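Chemist: No sequence on hand, only this structure:
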């Protein structure tokens, strides 16, 4: 049927689950048609996805007033503005947890799922496309399912997915993955065919990833991290194979991975959420042996290289449901090196990944919490300062906490790297001030810390001054005095 | 040898690992003798344990200046004061992680371990006493080991421990526990006998738990939780067996567990850190079928009942290493109902478990993060107000974040229960204000939230006012205007 016909099935106040994770494998036409329909009538849904959607779909839905509630992640500027104005309610969730919460009935049931597939297999099961996300959970739990068959996806994507379903409580078993390359499930998503209420054809590619060229700060951060890894190998803590790497989305992660190309590390693996251009560069260069994730999100330039040559990559990648790719038990079992981006961090190493000025959300916590808490090494990166050095990203106190100091081992800015392992809060503070803060802000941060220490405490702070840098920025447009 | 002789082995700046978890199974004489020795010479150690020690040992060590650094938990008032003054450096750690960090060499190596045992088995391995904690890790990794054989512990404690060792990276396997009663390891702790540099005999019992009689607020909190569970059963979310329960230390946890005695729930299980009086009451009443933890910490009145009748309890309890009892993967696999205590929480459901006024540590995060993050249901409890209602425990913004809103499903005070599942931050705030805050503070908290919403944001706040209640308390002795 047409997307326009398919969206007649939706009703006001329904809960909708959609495929899509980091702009990959999302609904290309049904959600867009839903936005069109919502322009002219009162039709507000709760929308759950894997993670972010491409094609400005979130923006179109938000603009049309079609979203009552949205979870667990988004990156759209229109939607973001409506979340921050209070028009759309957003639940910012650890990406491993959405499927858990649905299975546990800690979230309302899904009325309709929209799932992009490459094709329907001969046994009626679904072959996902460029992401798995929460699609298997939506297919299982939704009352009705609309399928988008995307003919732009090559048929030989069949086999790169590993669909594993955890049992429900109290009969849950072990998830038998002990290495990134283990495949433990089915190639396709089982579905009760009587649930399928519509099949729509599309032929649109995913929105391409925006890959910014690395700038000097990004390169500096990447080099600090690579030098740190080299030193860990020297010390005998790690071999030159390292341990499986998780890298958040963005230019720092890309720069670190790219940096491996010219390094002495080899036989690397990834156990991550998303595979970006740099993953395929590393595979091509022979440095990366295997990469596990929940989606492939690459630039336009990289797209044909990957999807035109899946036979080259088939044995070296796997896409998993996000409640497997991000599950805490596997992250701890495999010993992941996690590299994630902070908006800001404070002198004790608490990290804000999500909020500007403590109130306005940027994207969401995504999988950073799943990985940082359970990683072998939890690394967070940020630029030391931005906007012509008027904003410091190293602060007396973060305005919003996503990751507490317990979950942060290493902090890196363009200025340097602070290895916080085995340090108490006061030691952490001094190392962060010495190694990470931009020189323009160092003296004032040191003064804050010194004066806080005079007042005492395990985690010395001056509560009346803790947010003074944020407030100065609000009032004067700069954090500088 | 004597404890006095044993402590001659210690040298300045050594890293010492000691048995002891929630005051159970701790060193009774060696650490005390170390404190004595440190009174007269410069002898400062880094001390790691399972969790807290009894017999004021931490206080004696701190008083003698014997502690340079302490981790991962403590409850001693003398030590606490020295941590807050900066004299002793403290690392507040998720209790599941200390063993990980040692195995991963993310902490310095252990020079000497002090381990209390009931006896040495015929094969030379160690039979732990009333806790396991990190003893198996210390026994494996320490260069030298001093054994305290505690003859006050009945020999038939043999068999209640389940000692399982996870492999090191990258060869770690699954931990094959799928139910609280699974025993997957050895009964004793293997040790290389050439490491044992001293054996000391003691006959002291553990420090008894202080069990405060439940007060009206505690009872109100417990009743809100029990009513909530009953409703979840009515809704079909849970059976009347519930799911395995974790309960933090303290009177609320005891009151909730005691409340089960007269309830319709049956065949309950626990997967927790510590077994308290109420656990044994529930076993005796036939309501609790099995309890897994890392220690037994009971009152003086309960001690003989438990340790004089171990044959009655042997099949119904198990003590595990804390990197098993608290490991994130098992907590998620088993679907734990976690009940932990907050010092304060804020309108969005962020929880402070550790710090007074944002700076001074109370005890530590303990296992609350291990459980809250990965639980099927994460419940936090606090009294709504204290000190003649001059201090509200529900605040505009917590002064220190241990658990972010992502990890908090249910908040309970004596006033009522806020079920936050499926709610966005603004919805969470209104429900917390409506259900949890003390009436004396409700109007002002509502005003803060309303004015913050006018300014906008996903998580509305007025940064210049966020800590005003804490500051008022600092300045005037009350949070009231």
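Modeler: Yep, it's here. As the structure is a prediction and not an experimental result, all values here were calculated from the model. Numbers count the residues shown, from 1 in each chain, chains lettered A, B, ... in the order given.

Chemist: and residue A:452, what element?
Modeler: helix A:439-455 (DSSP states H and E).

Chemist: roughly how far apart are residue A:214 and chain B?
Modeler: 29 Å (C-beta to the nearest C-beta, to the nearest Å). In this view, the C-beta of every residue, glycine as well, is placed from N, C-alpha and C.

Chemist: in chain A, what residue is nearest chain B?
Modeler: residue A:329 (2.3 Å; C-beta to the nearest C-beta).

Chemist: just checking, next helix/strand downstream of the helix or strand of chain A with the lowest mean pLDDT?
Modeler: Every helix and strand in chain A was compared by mean pLDDT, DSSP states H and E; the lowest is helix A:251-259, with a mean of 87. Using DSSP H and E, the next helix or strand after helix A:251-259 towards the C-terminus is strand A:268-271.

Chemist: Which other helices and strands does that next one contact?
Modeler: strand A:245-247, strand A:288-293, helix A:328-334 (3 or more C-beta pairs under 8 Å, 6 or more residues apart in numbering or on different chains; DSSP states H and E).

Chemist: Pick the most buried one from these.
Modeler: strand A:245-247 (a mean of 28; mean count of other C-beta atoms under 10 Å in any protein chain shown).

Chemist: what about the helix holding residue A:452, near chain B?
Modeler: Yes. Residues of helix A:439-455 are located near chain B by C-beta under 8 Å from any C-beta of the partner chain, namely A:452-453, A:455.

Chemist: average pLDDT across the lengthiest helix in chain A?
Modeler: Longest helix of chain A, by residue count under DSSP state H: helix A:216-234. Averaged over helix A:216-234, pLDDT sits at 96.

Chemist: Same question for stretch A:296-307.
Modeler: 94.

Chemist: Show me what that stretch is in contact with.
Modeler: Stretch A:296-307 is contacted from outside by A:22-24, A:130-131, A:153-154, A:157, A:205-206, A:208-211, A:249, A:274-277, A:280, A:313, A:317, A:319, using C-beta atoms under 8 Å, 6 or more residues apart in numbering or on different chains.

Chemist: now swap in stretch A:209-229 and tell me
Modeler: A:23, A:238, A:242, A:249, A:251-252, A:254-256, A:258-260, A:263, A:265, A:276-277, A:297-299, A:339, A:379, A:381, A:383-384, A:410, A:412-417, A:419.

Chemist: Can you tell me which of these are classed as buried?
Modeler: A:23, A:238, A:242, A:249, A:251-252, A:254-256, A:258-260, A:265, A:276-277, A:297-298, A:339, A:379, A:381, A:383-384, A:410, A:412-417, A:419 (16 or more other C-beta atoms under 10 Å in any protein chain shown).

Chemist: Tell me which entries of those lie within strands.
Modeler: A:339, A:379, A:381, A:410, A:412, A:417, A:419 (DSSP state E).

Chemist: I'd assumed residue A:27 was in contact with residue A:61.
Modeler: No. Contact criterion C-beta atoms under 8 Å: residue A:61 and residue A:27 do not qualify, at 10.5 Å.

Chemist: hey, what's in contact with both of these two?
Modeler: In contact with both residue A:61 and residue A:27: no residue, using C-beta under 8 Å, 6+ apart.

Chemist: circling back to that earlier point, export the helices and strands packed on strand A:268-271 to JSON lines and tack on distance to residue B:182 and mean pLDDT?
Modeler: JSON lines is the format used below for the helices and strands packed on strand A:268-271 (distance: least, C-beta to C-beta, whole Å; pLDDT from 0 to 100):
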{"stretch": "strand A:245-247", "distance to residue B:182": "30", "mean pLDDT": "97"}
{"stretch": "strand A:288-293", "distance to residue B:182": "28", "mean pLDDT": "98"}
{"stretch": "helix A:328-334", "distance to residue B:182": "15", "mean pLDDT": "97"}
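
Chemist: I'd like those laid out as JSON lines, including distance to residue A:461.
Modeler: Shown next, in JSON lines, are these (distance: least, C-beta to C-beta, whole Å):
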{"stretch": "strand A:245-247", "distance to residue A:461": "31"}
{"stretch": "strand A:288-293", "distance to residue A:461": "38"}
{"stretch": "helix A:328-334", "distance to residue A:461": "30"}
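
Chemist: Look at the residue positioned nearest the centre of chain A and give its secondary structure.
Modeler: Central residue of chain A (C-alpha atoms, centre = their mean): residue A:366, 4.2 Å from the mean position. Recorded secondary structure, residue A:366: coil (DSSP: H, G, I helix; E, B strand; the rest coil).

Chemist: Surely it is in contact with residue A:96, unless I've mixed up the numbering?
Modeler: No. The pair residue A:366 and residue A:96 fails to qualify as a contact (C-beta under 8 Å) at a distance of 10.3 Å.

Chemist: by how many degrees do the longest helix of chain A and helix A:251-259 diverge?
Modeler: For helix A:216-234 against helix A:251-259, the angle by axes from the mean of the first three to the mean of the last three C-alpha atoms, to 10 degrees is 50 degrees.

Chemist: Against residue A:274, how distant is residue A:366?
Modeler: 10 Å (C-beta to C-beta, to the nearest Å).

Chemist: ignore the last one, residue A:90
Modeler: 21 Å.

Chemist: Neighbour count: those two, which is higher?
Modeler: Legend: neighbour count by other C-beta atoms under 10 Å in any protein chain shown for residue A:90 and residue A:274, higher for residue A:274 (29 against 24).

Chemist: Tell me who's in contact with the closest residue to the more buried one other than its chain neighbours.
Modeler: In space, not counting the residues next to it along the chain, residue A:274 is nearest to residue A:22; the distance is 4.5 Å by C-beta to C-beta, 6 or more residues apart in numbering or on different chains. The contact partners of residue A:22, taken as C-beta under 8 Å, 6+ apart, are A:50-52, A:131, A:249, A:273-274, A:294-295, A:297.
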